[in-house]
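Colleague: I would like to see how this sequence folds:
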Amino acid sequence: MALHKIIDQEQTPTFTAISLVTTIVVAVALIFIDTKHFAIARILLIPFSLALGALINFFCGVMAFNRNEYWGGRIALIGTALWFLELGFLHAMG
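Modeller: As a prediction, this is how the structure comes out:
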């Protein structure tokens, strides 16, 4: 039933797709930055990646919600929350 709602939308879910791609790119960047052992890179790039990704996801989430894209705003919010869970996991691992 949910797949039917996604496929049969009136408009193409453009902003939801942008949000998904942003979530994946930032998640991969966080893993890459965290695996490098440069303190300056961690201090500068992690907050920059989070801030830029959050701005893009916020904009895409608002636009997806305004365009009535199915789960558009929620997907942007879930993606942003996953970054913080990922950072907590990476910090706990060491």
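Colleague: only C-alpha atoms for contact and neighbour calcs from this point on.
Modeller: OK.
Colleague: so where does the most centrally placed residue in the chain fall, helix or strand?
Modeller: A centroid search over the chain (C-alpha atoms, centre = their mean) returns T23, at 2.5 Å, as the residue closest to the centre. According to DSSP states H and E, T23 maps onto helix 14-35.
Colleague: which parts of the helix or strand just after that helix are buried?
Modeller: Next along the chain after helix 14-35, taking DSSP H and E as the criterion, comes helix 39-66. By neighbour count on 16 or more other C-alpha atoms under 10 Å, the buried set for helix 39-66 is 42, 45-46, 49-50, 53-54, 56-65.
Colleague: and the following helix or strand past helix 39-66, what does it pack against?
Modeller: The element immediately downstream of helix 39-66 (helix or strand, assigned by DSSP H and E) is helix 72-93. Packing partners of helix 72-93 (3 or more C-alpha pairs under 8 Å, 6 or more residues apart in numbering; DSSP states H and E): helix 14-35, helix 39-66.
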